[in-house]
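*Asks:* Just the structure for this:
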Amino acid sequence: MLMASDKGAAEAEVDSVDQDERSAPGRGREAGAAKPREGKQIDKLPPWAVVLHNDDQNSFEFVIQTLQKVLGIGLTHAVALTMRAHVSGRAVVWSGHRELAELKAGQITGRGADPAVMHRGAEPLRVTVEKMPG
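*Replies:* Numbering: from 1, shown residues only. The predicted structure is shown next:
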């Protein structure tokens, strides 16, 4: 415990140390700042794809509207993706971080089946989340 007479000397010593730390290179307020490491490469996580599979149950209009709504893309792009899935059996409709890919896939299937053909046993659009090469 400090005595009253020692208190002034202790405060002066703390102020002196604080001043030294602020003026020393790489210390004080700048000490916590991250500096980029030279020669180090940051490994990027591979992107994940949301793949839309061909669907003979739901209407083209429903698929196109779903892609527009969930992915926020325009009509022309949504039509092109729908046609690619129809012709080749599958189409990558979105890519990015895994968590977002899973979210987008869930949003697509979450729209359910086309209400106009549900009475024929239509199911939600089939999408998968797959790791992209690279």
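
*Asks:* In contact with R90, which residues?
*Replies:* For R90, the contacting residues are 51-54, by CB atoms under 8 Å, 6 or more residues apart in numbering. Heads up, the C-betas are built off the backbone N, CA and C, glycines and all.

*Asks:* tell me which of the residues you listed is nearest to G134?
*Replies:* Of all the contacts of R90, G134 sits closest to V51, with 15.7 Å by CB to CB.

*Asks:* sec struct for the closest one, please.
*Replies:* The three-state assignment at V51 reads strand, by DSSP: H, G, I helix; E, B strand; the rest coil.

*Asks:* wait, it sits on V127?
*Replies:* Yes. Contact status for V51 versus V127: in contact at 6.3 Å, counting by CB atoms under 8 Å.

*Asks:* ok so, going back, which of the contacts of R90 tops the neighbour count?
*Replies:* Neighbour counts for those, by other CB atoms under 10 Å, peak at L52, which reaches 26 neighbours.

*Asks:* how much space between that one and V127?
*Replies:* According to CB to CB, to the nearest Å, L52 stands 5 Å off from V127.
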